[in-house]
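In: build me a model:
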Amino acid sequence: MTRIKIYGYILLALLPLLGGCEGYLDVNPKSEVTDKKLFSTAEGCEDAIYGIYAEMGNFANRNSLFSMMLSFKYPELMIGNFTVDSNDNTAYLVQRQWKQTNAVTAAENIWIAGYKVIGHVNKALMHILPKSDTEYRHVKLYKGELLALRAFLHFEMARLFAVSFASGDAAAKAKAIPYVTKYGIEVTPYSSLDKVFEQIVKDLTDAEGYLAEDESLVTAARTNAADGFSSCRITHFNLYAVQALLARAYWTMGKLDLAADYAEKVIDSGKFPLMTTAEAWNAVEAGTLNMQETICGLYSLPYTSNFYTYHIDSGANIELSDEYREVYATDEAGSDKRYSTWFNSATGQCIKHLNKMYASGESSPTYSGNSIPGLSLIRIPEMYYIVAEANLTTDPGKAMKYLDAVVTSRDLTSFEEREGKITADNIFNERRKEFYADGEDFFNMKRLQKDIELTGAGTFSGTDDATYTIPIPPSVEDNYRQ
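Out: Predicted structure coming up:
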């Protein structure tokens with residue numbers, strides 16, 4: 001990329017993780033002076049926003065949210081897509097031994113990392129949101145992206161630490177997570193699950209209004225050239241990412257009609273066409289954003305490095321489950337591009353996110369330069385699955401059309417040419433294949449309360465909230481009792 005600003009990270013003052021839990025409070029007394037200077041120019045505002053994206057995915061340590069924890073590690077291990085030795089520290093979390101020290105530590109790491117970034121977002125919003133919409137050239141983009149980031153991060157925290165909408169535990173639903181909207185020293189109380197998602201939808205709807213310019217800024221033909229804040233928009237929470245997140249939020253809530261409305265907006269934009277040719281598939285480089293199908297992603301070198309270190313390299317402790325073959329054998333009709341492209345059956349490795357820049361012994365250890373190293377947070381196939389599910393009973397023909405669009409783009413025979421109909425299981429199975437190793441299918445299985453069978457660990461019931469809900473760490477609860 002020609003502009004490296006998006007790779008940078010600018011340190012912001014440390015924030016209270018819950019808007020005011022003293023146990024985590026560490027505020028620089030000079031921070032307000034620094035902040036005023038930082039946010040007094042467009043460049044400073046952009047630096048702060050770039051810093052937030054970088055914090056989400058660019059920290060090289062194992063406690064970064066998306067360079068490992070919430071991408072290919074915990075969600076994938078917990079549904080059995082990857083495995084670890086029973087003596088590994090991570091095994092306690094996989095086995096849902098929530099009171100064991102290592103499992104508690106993992107939960108704390110996710111919670112602290114998530115709410116720290118939320119604090120940074122709120123700090124930036126405190127300075128940028130009051131500004132006139134004409135103060136800087138791209139100030140509306142700044143506002144929209146920050147609101148979208150706040151919604152997205154709370155969404156991720158809720159999906160992990162709150163029970164699902166299908167849960168029968170009314171008390172747990174009444175106390176989901178804190179939705180923090182202010183920077184300061186006040187403790188933000190817990191909100192109910194309904195209120196959390198109400199605020200997620202509000203922030204995303206407000207963001208959508210600020211990001212109208214993306215209708216022209218985001219084009220179907222994309223490159224990795226970045227010449228300023230308004231370029232390379234798939235590395236930002238752009239308009240279509242916001243609409244896709246609204247679709248995902250309503251889908252999670254069980255409001256499928258609203259979910260489908262937003263999903264179709266993204267599809268109908270024509271900005272994110274499915275890959276339907278061999279040329280398109282050959283252009284995809286592992287460990288990078290898919291320049292055709294990614295709606296929003298994070299630039300992250302640590303992500304590609306971590307995937308190699310923890311899954312591919314000698315001594316790696318995360319292994320591909322033997323059962324992955326069964327996933328791709330389900331509903332099989334044709335030669336699935338995903339199976340042949342994303343897995344090395346000879347080595348038993350998932351190479352979906354393996355970039356050669358980190359491969360030991362690679363003669364040319366550098367990426368091609370035609371794409372963006374990192375992870376996709378939202379890809380277009382998800383929108384097709386949402387529309388298919390929403391129309392399954394009301395308009396089966398439309399549902400099959402949207403599912404077949406993805407199926408045929410993956411070189412499989414359409415369901416129309418097979419049974420001539422589809423079921424909910426067909427949609428579920430295609431999701432399992434598409435999002436393998438992405439950290440995404442965990443949440444679909446949670447929503448549907450699917451049982452999980454793990455070799456050597458037994459079966460975890462889908463209707464047991466403990467199967468899919470990480471308990472809020474005791475240290476957090478202690479802060480509320482102070």
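In: would you mind writing the CA trace of the one helix or strand Phe155 maps to as CSV?
Out: Assessed by DSSP states H and E, Phe155 sits inside helix 139-161. Coordinates of the C-alpha atoms in helix 139-161 are reproduced here as CSV (Å, rounded to 0.1, in the frame of the first residue of the first chain):
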residue,chain,number,x,y,z
VAL,A,139,-15.7,14.6,9.7
LYS,A,140,-19.0,12.8,9.0
LEU,A,141,-17.0,9.7,8.1
TYR,A,142,-15.1,10.0,11.4
LYS,A,143,-18.4,10.1,13.3
GLY,A,144,-20.0,7.3,11.4
GLU,A,145,-17.0,5.0,11.8
LEU,A,146,-16.6,5.6,15.5
LEU,A,147,-20.3,5.0,16.2
ALA,A,148,-20.1,1.8,14.1
LEU,A,149,-17.0,0.7,16.0
ARG,A,150,-18.7,1.2,19.4
ALA,A,151,-21.7,-0.9,18.2
PHE,A,152,-19.5,-3.6,16.8
LEU,A,153,-17.3,-4.0,19.9
HIS,A,154,-20.3,-4.2,22.2
PHE,A,155,-21.8,-6.7,19.8
GLU,A,156,-18.8,-8.9,20.2
MET,A,157,-18.8,-8.6,24.0
ALA,A,158,-22.5,-9.5,24.1
ARG,A,159,-22.1,-12.4,21.8
LEU,A,160,-19.4,-13.9,24.2
PHE,A,161,-20.4,-12.7,27.7
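In: would you mark the buried spots in it?
Out: Within helix 139-161, the residues that qualify as buried by neighbour count (16 or more other C-beta atoms under 10 Å) are 139-161. Quick note: C-beta positions are derived from backbone N, CA and C, even for glycine.
In: before we move on, what about stretch 163-178?
Out: Counting neighbours by 16+ other C-beta under 10 Å, stretch 163-178 gives 163-164, 167, 172-173, 175-178 as buried.
In: which of those fall within helices?
Out: Residues of those located in helices (DSSP state H): 172-173.
In: tell me which of the buried residues of stretch 163-178 is nearest to Ala124?
Out: Of all those, Ala124 sits closest to Pro178, with 18.8 Å by C-beta to C-beta.
In: the closest one pairs with what?
Out: Beta-bridge partners recorded for Pro178 (DSSP bridges): Tyr190.
In: leaving out sequence neighbours, find the closest residue to Phe343.
Out: Leaving aside its sequence neighbours, Phe343 sits nearest to Cys350 (C-beta to C-beta, 6 or more residues apart in numbering; 5.8 Å).
In: hang on, that neighbour packs against Tyr324?
Out: Yes. Here Cys350 reaches Tyr324: they are 7.3 Å apart, a contact under C-beta atoms under 8 Å.
In: which neighbours do these two share?
Out: Common neighbours of Cys350 and Tyr324, using C-beta atoms under 8 Å, 6 or more residues apart in numbering, are 343, 436.
In: now the strands for this structure?
Out: 82-83, 177-178, 190-191, 294-299, 319-320, 343-344, 349-350, 374-379, 452-454, 458-460 (DSSP state E).
In: quick one: list the elements packing against the fourth one.
Out: Helices and strands touching strand 294-299, as assessed by 3 or more C-beta pairs under 8 Å, 6 or more residues apart in numbering; DSSP states H and E, comprise helix 42-57, helix 239-253, strand 374-379.
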